[in-house]
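1. Pasting the sequence and the predicted coordinates here, then a few questions.
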Amino acid sequence: MKTIVSACGQPGRLVVARIGAKTDLLEGIKDICSKYDIKSAVILGLTGSLSEAKFTYIVPKEDSKLGAGKGVPFVLPGPLNILAAEGTVARTERDDYYIHIHAALADQLDHVYGGHIFKPTTVLLTMEVALLETAGVSLRRRFYEETGSEQLSPEEAES
């Protein structure tokens, strides 16, 4: 089974911001998007530190339609540095923000962890964020029967 869902648009506004200490990373990105009325965007990158991160890996799951799925989220205590991170800002079917970030994190012993970020993931010192708004493309999260979960569904935006 091959499924491709795509839409074509162009780059919109570039927003660069700093999220301060003790702020939840996902809430901070949501607040930035709300401030600039950004409906969907690509998260180009994150640079900074975290006091803790809640995340999960993809794991084998016999009861899943595809034999794998998100594992049980766990909290990794910090301090942590973000080595690499990217993602998307989309809207759910309820029109709420869905901030989807995958990140590689390192602790003070240079152990590297990575996966899908959840709340709470708290900024330690600072977090630099670069967002690129999607113009002409609406990023939505929709339920797909074939996967049994919500997935990204890019759609060409109405003019």
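-> Now that the structure is in, tell me what you want to look at.
2. so where's this structure shaky on pLDDT?
-> Along the chain, the parts satisfying pLDDT under 70 run over 1-2, 159.
3. hey, where'd the strands end up in it?
-> 10-20, 41-56, 58-60, 68-70, 74-91, 97-106, 112-135, 137-144, 149-156 (DSSP state E).
4. Just put the ones you listed in a markdown table and tack on mean neighbour count and distance to residue 27.
-> (Each C-beta comes from the backbone N, C-alpha and C, glycine too.) Output for the strands of the chain, formatted as a markdown table (neighbours: other C-beta atoms under 10 Å; distance: least, C-beta to C-beta, whole Å):
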| stretch | mean neighbour count | distance to residue 27 |
| --- | --- | --- |
| strand 10-20 | 13 | 9 |
| strand 41-56 | 19 | 13 |
| strand 58-60 | 10 | 24 |
| strand 68-70 | 15 | 20 |
| strand 74-91 | 17 | 13 |
| strand 97-106 | 19 | 9 |
| strand 112-135 | 18 | 7 |
| strand 137-144 | 18 | 18 |
| strand 149-156 | 15 | 20 |
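5. Compare the ones you listed and give me the one nearest residue 4.
-> Residue 4 lies closest, by C-beta to C-beta, to one member of those: strand 149-156, at 10.3 Å.
6. The closest one vs strand 137-144, what angle?
-> Strand 149-156 and strand 137-144 are oriented at 150 degrees to each other (axes from the mean of the first three to the mean of the last three C-alpha atoms, to 10 degrees).
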